[in-house]
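K.L.:
This is a predicted model, with the sequence first.
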Amino acid sequence: MNWITKFIKPKIKSLFEKRSSKIEENLWTTCGCKNLIYTEDLNSNQKVCPKCGAHHKLTCRERFETFFDNREYEIIETPLPKDDPLNFQDKKKYTDRLKAARKLTGQDDAVLIAKGKIQDIDIVAGSQDFRFIGGSFGAASGEAFIAGAQHAIENRAPYIFFSCSGGQRMMESSIALMQMSRTALAVNELKKKNIPFVVVLTDPTTGGVTASWAMLGDILIAEPKATIGFAGRRVIQDTVRETLPEEFQTAEYVKDHGGIDLVVERQYLNSTIGTLLNVLLKKSEAQVKQDSNVTVDKSLQTAS
Ligand SMILES: [Zn+2]
């Protein structure tokens, strides 16, 4: 072995090894059904497993592409508050976690807001990326949620939000918890203005997100088999000391027990929500007309 084989060859070899394993990783995806799925087949099927129907997680942009008419949408800029207000550190610094999440997702925060059309109706949509610190909801997510709601109100456009989150962001402690009441107030403003608010609960929707805006939609829809709950299954089981049914906290179970309205496959979300909005918007228009008639009547009474 000369110096070339000893020093240069291993380097070149490792370069190729890394590259080939990366290619293999990208070519195939393992599904919960234990089948190895060709990633291209999964992607062309809106990331729904062609073998078992499992709905794999989507990034925010993938979500918008699968949801909006003709895959056309425009991202709405949202305010970004100061990072790491509590100077938080666990095993890693929060600022390092943020840096890594931003690099991985290409987003400033877990939430992204966009506008576009579904079934030719102008809407505003929000989505969460689970890869961004478990889709956790902090101050920046709250700002984005509220900016989306304001845009919906100003343009009288329905607000559709796709939840995918483990809950509030623990690195922001009470600041993250405060987002629960802030978002609930924003939803209240939408309701006061008769703007439809529809939540699509995707896998998983748990913790503070379930305990606030994700359960406040006029219509609650879930993707099949999505985990929906507040506390974790084990915590509940240890508290109630009873064996819970296997399907506990699945979308289907929550629907059967009255927690949500519908379970809809990803491919039908655009058409189903479009149909529902048509009904809601007609009602909403009638409500607005009724309200303005009341105002006119009152002004007549004052004049007389
Ligand atoms: Zn599968």
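P.N.:
Looks like it arrived, so ask away.

K.L.:
Could you list the residues of this structure in contact with the ion?
P.N.:
Cys31, Cys33, Cys49, Lys51, Cys52, Ala54 (C-beta under 5 Å from the ion). In short, each C-beta sits where N, CA and C put it, glycine included.

K.L.:
Hmm, the first one is touching Cys49, no?
P.N.:
Yes. Proximity of Cys31 to Cys49 meets the contact threshold set by C-beta atoms under 8 Å, at 4.6 Å.

K.L.:
Could you tell me which residues touch both of these two?
P.N.:
Ile37, Leu42, His56 (C-beta atoms under 8 Å, 6 or more residues apart in numbering).

K.L.:
How about the one helix or strand Met180 maps to, which residues are buried there?
P.N.:
Using DSSP states H and E, Met180 maps to helix 173-192. For helix 173-192, a neighbour-count test (16 or more other C-beta atoms under 10 Å) marks Ile175, Ala176, Leu177, Gln179, Met180, Thr183, Ala186, Val187, Leu190 as buried.

K.L.:
Off-centre distance for it?
P.N.:
Offset of helix 173-192 from its chain centre (C-alpha atoms, centre = their mean, to the nearest Å): 16 Å.

K.L.:
List the contacts of the helix or strand just after it.
P.N.:
Next helix or strand after helix 173-192 toward the C-terminus (DSSP H and E): strand 197-205. Outside strand 197-205, the residues that touch it by C-beta under 8 Å, 6+ apart are 55, 57-58, 130, 158-166, 187, 190-191, 210, 213-223, 225-229, 251, 260, 264, 269, 273, 276-277.

K.L.:
Now go through those residues and say which are in helices.
P.N.:
Val187, Leu190, Lys191, Ala251, Leu269, Ile273, Leu276, Leu277 (DSSP state H).

K.L.:
Look up how far Ala214 lies from the fourth one.
P.N.:
Plainly put, Ala251 is 12 Å away from Ala214 if you go by C-beta to C-beta, to the nearest Å.

K.L.:
The last one too?
P.N.:
According to C-beta to C-beta, Leu277 and Ala214 sit 19 Å apart.

K.L.:
Show me which of these two is the more surrounded one.
P.N.:
Ala214 (27 against 21; other C-beta atoms under 10 Å).

K.L.:
Give me the pLDDT value at the more buried one.
P.N.:
Note for Ala214: predicted pLDDT of 98.

K.L.:
Go ahead and confirm it touches Ser163.
P.N.:
Yes. Applying C-beta under 8 Å, one finds Ala214 in contact with Ser163, separated by 4.3 Å.

K.L.:
how many neighbours does the closest residue to His55 other than its chain neighbours have?
P.N.:
Leaving out its chain neighbours, the residue that sits closest to His55 by C-beta to C-beta, 6 or more residues apart in numbering is Glu223, at 4.6 Å. By the measure other C-beta under 10 Å, the count of residues near Glu223 is 23.
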